[in-house]
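fold the following.
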Amino acid sequence: MDATKRPLRIPPQFATYAQKHELFELYRRLIARLLMEKPEDPLTFMLEELKREDDDVPAIVIQGPPASGKTTIGKMVSAKLRTAHITPQILLEDDVSPLAAKARAIIDKNQSIPMELWVQLIQARLKLFDCIKKGWVMEGFPENREQGLALQQVGISPKHFGKKNSLKMHKWLKGIT
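Below is the predicted model of the structure:
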């Protein structure tokens, strides 16, 4: 008989143990990273992921229509959680890298910044110490599905996603304030 067809004999206390030690969330994160990265050696990759100390930091994206209060919410959440607050404006103003200089030059020519450059700017910012150790709250990007997919393709995915003016976000905010 096929092992997958047999009745599973998992002790009932396993669910309690797994929930207490957040094994289901750990498994979800490992599988998500595995699917995004698609490493040649998945077992070694997962072992390295488990050794990382920075896996339990906030990674939050806040979206909403213009003037809906995304920045206010983003500042409040990042202050409460003591994380980095990231916006497209902050990326361009505070960054002194050649990437940011290239983006500012494009803006000076009254052109829009290509999505690939935005993704590179965000990738560079998320690799800094404060984002790695304390987490991040990003608002204003991604603005559409294509930008969100571009972030996912380079391995950037939030643990939480808030859409301004939604009932779920108001309930979530009440839980952290």
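
any weak-confidence spans in the chain?
Scanning the chain for pLDDT under 70 picks out 1-8, 52-55, 164-177.

show me where it has strands.
59-63, 84-86, 136-139, 160-163 (DSSP state E).

partner strands of the second one and their direction?
Partners of strand 84-86 in the sheet, by DSSP bridges, are strand 136-139 (parallel).

equivalent analysis for the longest one, please.
For strand 59-63, the paired strands and their directions (DSSP bridges) are strand 136-139 (parallel), strand 160-163 (parallel).

any idea which of the strands of the chain is most buried?
strand 136-139 (a mean of 26; mean count of other CB atoms under 10 Å). Any C-beta I mention is one placed from the backbone N, CA and C, and that applies to glycine too.

then stretch 89-108 to CSV, C-alphas only?
The C-alpha trace of stretch 89-108 is given here as CSV (Å, rounded to 0.1, in the frame of the first residue of the first chain):
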residue,chain,number,x,y,z
GLN,A,89,10.1,59.5,-1.3
ILE,A,90,12.3,58.4,1.6
LEU,A,91,14.2,56.1,-0.7
LEU,A,92,15.0,58.9,-3.0
GLU,A,93,15.7,61.6,-0.4
ASP,A,94,17.8,59.6,2.1
ASP,A,95,19.7,57.3,-0.1
VAL,A,96,23.1,58.5,-1.4
SER,A,97,23.9,55.4,-3.5
PRO,A,98,24.5,55.6,-7.3
LEU,A,99,21.1,53.9,-7.8
ALA,A,100,19.3,56.7,-6.0
ALA,A,101,21.3,59.3,-7.9
LYS,A,102,20.2,57.6,-11.1
ALA,A,103,16.6,57.7,-10.0
ARG,A,104,16.8,61.4,-9.1
ALA,A,105,18.4,62.1,-12.5
ILE,A,106,15.4,60.4,-14.2
ILE,A,107,13.0,62.5,-12.1
ASP,A,108,14.9,65.7,-13.0
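
ok now that stretch, how far from the chain's centre?
Offset of stretch 89-108 from its chain centre (CA atoms, centre = their mean, to the nearest Å): 22 Å.

can you list contacts of that stretch?
Applying CB atoms under 8 Å, 6 or more residues apart in numbering, the contact partners of stretch 89-108 are 112-114, 117-118, 120-122, 124-125, 140.

what's in contact with the lengthiest helix in the chain?
Ordering each helix of the chain by length in residues (DSSP state H) puts helix 23-37 first. For helix 23-37, the surrounding residues in contact (CB under 8 Å, 6+ apart) are 17-18, 42, 45-46, 49-50, 55, 152-153, 155, 157.

what's the farthest-apart pair in those?
With CB to CB as the measure, no two of the contacts of helix 23-37 lie farther apart than 17 and 153, at 35.3 Å.

find the centremost residue of this protein, please.
residue 158 (2.3 Å; CA atoms, centre = their mean).
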